[in-house]
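K.L.:
Build me a model:
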Amino acid sequence: MNWNIPNILTWLRILSIPLFVGVFYCPESGLPEQTRNLYATLIFAFAALTDWLDGYLARALNQTSSFGAFLDPVADKLMVAAALIVLVEFDRVGAVVAVIIIGREIAISALREWMAGLGKRQSVAVAFLGKIKTTSQMIAILFLLYYQPIAMMDVPRIGSWLMYLAAALTLISMANYLKIAWPQIRER
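P.N.:
As a prediction, this is how the structure comes out:
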């Protein structure tokens, strides 16, 4: 493995997952709920920022690697899955929504790997719709982690709406990827 800045940022994202989850299980006497929510939100925001930063730095510093290309999406999916599972446990996200999003991530990752094995990885590259889905999902997770009103903004409600939007976009984008891959699936 190449120990460059982008890969180190990706590893930091993975290593932050136990800290992120652990924050929610601190006793109320040691860490009040609002403080836990804030810390979890900040850790998740750090992870989201490092996701963008490691990709940017990998390209800017010409430090791209096949290991980094493999590890980066794995780190993203692990962090999102951990956040969704915690949000389900604390009744901030429905289990069906979490299963849709996590299930899609697993299915599309497997589809991408299979298509790469056929030499057709580019045909299932990240599409613009996927970027919109990810943006909606990340903002929703941040809002649902924080879960406190900000000024006149009903953060939990907005977070829930954005999560439902992300789930709908998840299904649409999955259908789109499957449509693109269908000729290869039928052929094999």
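
K.L.:
Surely residue 176 is in contact with residue 127?
P.N.:
Yes - counting by Cβ atoms under 8 Å, residue 176 touches residue 127, with 6.6 Å between them. All C-beta atoms are positioned from the backbone trio N, CA, C, and that covers glycine.

K.L.:
For residue 19, give me the pLDDT.
P.N.:
Note on residue 19: pLDDT of 95.

K.L.:
so what's it closest to, chain neighbours aside?
P.N.:
Excluding the flanking residues, the one nearest residue 19 by Cβ to Cβ, 6 or more residues apart in numbering is residue 43, at 6.1 Å.

K.L.:
How confident was the prediction at that neighbour?
P.N.:
The model's pLDDT for residue 43 equals 96.

K.L.:
Helix, strand, or coil at it?
P.N.:
Look at residue 43: counting by DSSP: H, G, I helix; E, B strand; the rest coil, its state is helix.

K.L.:
which ones are touching it?
P.N.:
Residue 43 sits next to 16, 19, 20, 23 when contact means Cβ atoms under 8 Å, 6 or more residues apart in numbering.

K.L.:
What helix or strand is the second one located in?
P.N.:
According to DSSP states H and E, residue 19 maps onto helix 5-23.

K.L.:
elements contacting that helix?
P.N.:
helix 33-60, helix 66-89 (3 or more Cβ pairs under 8 Å, 6 or more residues apart in numbering; DSSP states H and E).

K.L.:
what about residue 106, which SS state?
P.N.:
Criterion first, three-state DSSP; result for residue 106: helix.
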